[in-house]
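Novice: Output the structure for:
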Amino acid sequence: MTLDAAVLRFAGCVVLVSVLLSIYVHPWWIALTIFAGLNMIQASFTGFCPAAAVFKKLGIRPGNAFD
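Specialist: You can find the predicted model right below:
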């Protein structure tokens, strides 16, 4: 698995889990979805993704997007 795939999978899981939590636990969990979306937007402009930095330190091999 490449770094790109790991970041996309992680972001997808965060969004799905936060939507489920906002439905079944409390509506304010939707803020986690908003945070994930804003983080993806800033990463598209800056090229920096905190999740990519963590995955890189865990030894996941680089992909094309997050070198």
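Novice: who's in contact with P50?
Specialist: By C-beta atoms under 8 Å, 6 or more residues apart in numbering, P50 lies in contact with N39. Glycine gets a C-beta too; all of them are placed from N, C-alpha and C.
Novice: now it: how far from V25?
Specialist: 24 Å (C-beta to C-beta, to the nearest Å).
Novice: Please apply the same query to K56.
Specialist: 32 Å.
Novice: Repeat that for C13.
Specialist: Relative to V25, C13 is positioned 16 Å away (C-beta to C-beta).
Novice: One more: L16?
Specialist: L16 is 14 Å from V25, by C-beta to C-beta.
Novice: the longest helix in this protein is where?
Specialist: Identified as the longest helix of the chain according to DSSP state H is helix 3-24.
Novice: Show residues contacting the next helix or strand after it.
Specialist: Using DSSP states H and E, the helix or strand that follows helix 3-24 in sequence is helix 30-46. Here helix 30-46 makes contact (C-beta under 8 Å, 6+ apart) with 11, 14-15, 17-19, 21-22, 48-52.
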